[in-house]
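Asker: need a 3D model of the following:
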Amino acid sequence: MFATKEKPAVRDGFFKRLRARLNRGDSWLTYDLAKLAPGGKIDAATLDELESLLIMADVGVDTTARIIGELQQALARNELKDINALNAGLRRALLAIVQPVEKPLQIEKHDAPFVVLMVGVNGAGKTTTIGKLAKRFQDEGVSVMLAAGDTFRAAAVEQLQVWGERNDVAVIAQQSGADPAAVIFDAWEAARARDIDVLLVDTAGRLQNQQGLMDELAKIKRVVSRRDPTAPHEIMLVLDASQGQNALVQARQFHAALELTGITITKLDGSAKGGILLAIANELRVPVRFIGIGESAGDMQAFVADEFVDALLATGEQ
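Answerer: Next up is the predicted model:
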């Protein structure tokens with residue numbers, strides 16, 4: 001079994017970049033909290049203002065209510081004596097939400113390829129994520145093949161082939177307009193014949209409100225499972241954090257249609273500043289496998305809950 005992981009130096013560097021790109025200086029929470037309680041007194045009004053900050057940061061109404069509810073209880077117990085106590089209470093509340101979804105992707109090796117079905121809307125960074133995953137797996141000694149299941153957009157196939165050439169990974173593709181399920185079938189057969197460890201499957205950018213396209217993804221899932229009843233082993237949704245609450249809507253719909261097993265959240269260096277990850281973790285509880293903060297391969301790493309929360313709450317001096 002192979003579990004995705006990084007060397008300590010790599011994680012340390014990523015954490016510093018994550019903190020810098022999420023916060024762009026002072027934290028989106030801590031800096032504002034200090035302004036909310038200039039005299040150091042924490043009261044109900046302070047929590048009301050924090051509630052507004054969380055909602056504006058795409059944390060969502062339900063998740064914000066959970067966080068504020070825990071802090072209100074702490075306030076009632078006279079535990080929020082100053083801004084440091086509030087920050088500590090907030091950290092505990094955030095960790096309680098995201099720690100359950102910190103589950104690294106486990107690649108199990110057996111006679112057939114480990115199939116990862118990548119889904120998501122256009123523009124979320126799905127094909128780029130596939131390329132980064134291919135490089136990551138190779139660096140760990142895992143053999144990889146790519147399947148170009150987005151047959152409706154010629155540029156998608158070309159983009160995947162560029163990643164294949166860059167990483168020296170085979171890409172199975174057919175002509176534009178081909179049946180995506182047929183492409184996946186051929187790719188699975190090729191991967192098994194070549195004793196490939198992991199088959200990464202690209203799919204078209206599905207709009208979550210188009211039932212016909214969602215049904216096609218379900219068809220791909222069925223075709224793969226006929227060849228290997230345990231496949232696909234991972235159904236990973238790629239989400240763009242900068243889409244805010246719309247990303248949560250996408251996650252709901254994809255999960256309802258496909259029973260997601262993992263999520264990768266890209267573009268956390270954008271304006272959403274990470275709040276949507278909290279909303280998704282709180283509502284869906286689907287494992288968050290990776291987070292991305294940029295275009296390079298090193299800008300996507302496995303999700304680690306305490307590092308993420310620390311990055312959210314860090315000030316520019318920390």
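
Asker: who does the residue nearest to the spatial centre of the chain form a beta bridge with?
Answerer: Nearest to the geometric centre of the chain sits Thr264, at 2.1 Å (CA atoms, centre = their mean). Thr264 has the following beta-bridge partners by DSSP bridges: Val238, Phe290.

Asker: now do the contacts for it.
Answerer: If a contact means CB atoms under 8 Å, 6 or more residues apart in numbering, then Thr264 has 129, 236-239, 288-292, 300 as its contacts. C-betas here are computed from N, CA, C, even on glycine.

Asker: equivalent analysis for Pro180, please.
Answerer: Pro180 makes contact with 149-151, 203-204, 216, 220 under the criterion CB under 8 Å, 6+ apart.

Asker: tell me how many other residues crowd the closest residue to it other than its chain neighbours.
Answerer: The shortest distance from Pro180 to any non-neighbouring residue, by CB to CB, 6 or more residues apart in numbering, is to Gly149 (4.5 Å). A count of neighbours around Gly149, defined by other CB atoms under 10 Å, yields 31.

Asker: am I right that Gly149 is in contact with Ala182?
Answerer: No - assessed by CB atoms under 8 Å, Gly149 is found out of contact with Ala182, at 9.7 Å.

Asker: any stretches of this structure with poor pLDDT?
Answerer: Low-confidence segments of the chain, defined by pLDDT under 70: 1-11, 23-28, 30-31, 206-209, 270-273, 315-318.

Asker: all helices for it, in order.
Answerer: Secondary structure of the chain (DSSP state H): helices at 8-23, 30-36, 44-56, 61-76, 83-98, 126-139, 154-167, 180-193, 211-227, 245-258, 275-284, 305-313.

Asker: tell me which of those sits most buried.
Answerer: The highest average neighbour count among the helices of the chain, using mean count of other CB atoms under 10 Å, belongs to helix 275-284 at a mean of 24.

Asker: what helices or strands is that one leaning on?
Answerer: In terms of contacts (3 or more CB pairs under 8 Å, 6 or more residues apart in numbering; DSSP states H and E), helix 275-284 is packed against helix 61-76, helix 83-98, helix 245-258, strand 262-266, strand 288-292.

Asker: try 7 Å
Answerer: Secondary-structure packing of helix 275-284 (3 or more CB pairs under 7 Å, 6 or more residues apart in numbering; DSSP states H and E): helix 61-76, helix 83-98, helix 245-258.
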